[in-house]
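Sequence first, then the predicted structure:
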Amino acid sequence: MSDKWNFEVIEETEITQVSRGRQSQVDTVLIEAFSKLQKGKAIRIPQLQCDPKGEGYRNEKARVSAMLRTAMRAAGQSDFAIVFTPEGVPQVKIK
């Protein structure tokens, strides 16, 4: 066996870990709006528009989607979809 590995067997209760990522800050107004959303309705959010021609579009779209998912779950919604318009405006609907 190679000498480059150094293993230490510990008790399961001794496991330590680092928090995952940063905590998302979601506006309570958005959570409140999502809590009132009913099946057959959708919310379009122009303030969160992403530029589809922008260099960081995919990352920005992923960031906005993650924030919207967090807000929807905080609002008690579990079965929803996030759809972006061709112009990059996010829309959230209840499935």
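Great, that's in hand.

can you pull the buried residues of the top helix by length along the chain?
In the chain, with assignment by DSSP state H, the single longest helix is helix 57-74. By neighbour count on 16 or more other Cβ atoms under 10 Å, the buried set for helix 57-74 is 60-61, 64-65, 67-72, 74. C-betas here are computed from N, CA, C, even on glycine.

ok, now stretch 84-91?
84, 88-90.

and what of stretch 7-14?
By neighbour count on 16+ other Cβ under 10 Å, the buried set for stretch 7-14 is empty.

Now do the end-to-end distance for it.
Terminal residues of stretch 7-14 are spaced 15 Å apart (Cα to Cα, to the nearest Å).

average pLDDT across it?
Across stretch 7-14, pLDDT averages out at 87.

And it, how far out from the chain middle?
Remark: stretch 7-14 is offset 33 Å from the chain centroid, using Cα atoms, centre = their mean, to the nearest Å.

So for the residue at minimal distance from the centre of the chain, what's the pLDDT?
The chain has residue 66 as the residue nearest its centroid, 1.5 Å off, counting by Cα atoms, centre = their mean. Predicted confidence (pLDDT) for residue 66: 93.

what do you get for residue 22?
For residue 22, the predicted pLDDT is 62.
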